[in-house]
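> Following is a predicted model, sequence given first.
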Amino acid sequence: MAKTTRATQFLEKAGVAFTTVTYDYDPNAERTGLQAAEAIGEAPHRVLKTLMAELDGKPVCVVVPSDREVSMKKLAAAFGGKHAAMMKPAVAEKTTGYVVGGISPFGQKKPVPTAIEVEALAEPLVYMNGGQRGLQVRLSPQDALKVLGAITAPLVS
């Protein structure tokens, strides 16, 4: 497994301190974020999942703890939109340039507006997808917020 991806290159170029953690990705896992948390021995609320959604027909990236679910109503409100829905996997792959299970908020093909669940900022360090299945990056949520130009909001139900 390559430990250098577009996501890690993005973080390096931005001067963000991070470490990588690899694990055995289970393609049959019902919830890949929870599977990642278990595989690396970390609490699920510190392993953040990256989801792609459409807000009023435009792509947005949503980062929330792996043990929580996104509220589409709260997501729409966070961006001042009217209607939010999860993006179809094939569209998410085309939009980000990553495969499902390996979608990172960092180094996407085309940057899109990103929202991070406000609860994640309470943690000193979090894990986020590193741009491929079985790779997580460990970093400060404040650093992630800054380099992504993300907003924070209550996004979970």
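Sure, I can see it.
> any idea how far the residue of the chain positioned farthest from its centre is from Ser66?
Relative to the centre of the chain, and counting by CA atoms, centre = their mean, the farthest-placed residue is Lys82 at 22.4 Å. Look at Lys82 and Ser66: by CB to CB, to the nearest Å, they are 28 Å apart. To be clear about C-beta, it is placed using only N, CA and C from the backbone, and glycine gets the same treatment.
> Confirm Ala90 sits in a helix?
Yes - assignment of Ala90 by DSSP: H, G, I helix; E, B strand; the rest coil places it within a helix.
> need the contact list for Trp53.
No, residue 53 isn't Trp; it's Ala. Counting by CB atoms under 8 Å, 6 or more residues apart in numbering, Ala53 touches 59-62, 70, 72, 75, 84-87.
> quick revisit: check the gap between the residue farthest from the centre of the chain and Lys88 for me.
20 Å.
> can you check Val60 too?
14 Å.
> out of those two, which sits in the busier spot?
Just comparing Val60 and Lys88: by other CB atoms under 10 Å the higher neighbour count belongs to Val60, 22 against 11.
> Tell me which other helices or strands the helix or strand harbouring the more buried one touches.
Assigned by DSSP states H and E, Val60 belongs to strand 58-65. Identification of packing neighbours for strand 58-65 by 3 or more CB pairs under 8 Å, 6 or more residues apart in numbering; DSSP states H and E yields strand 48-55, strand 114-117.
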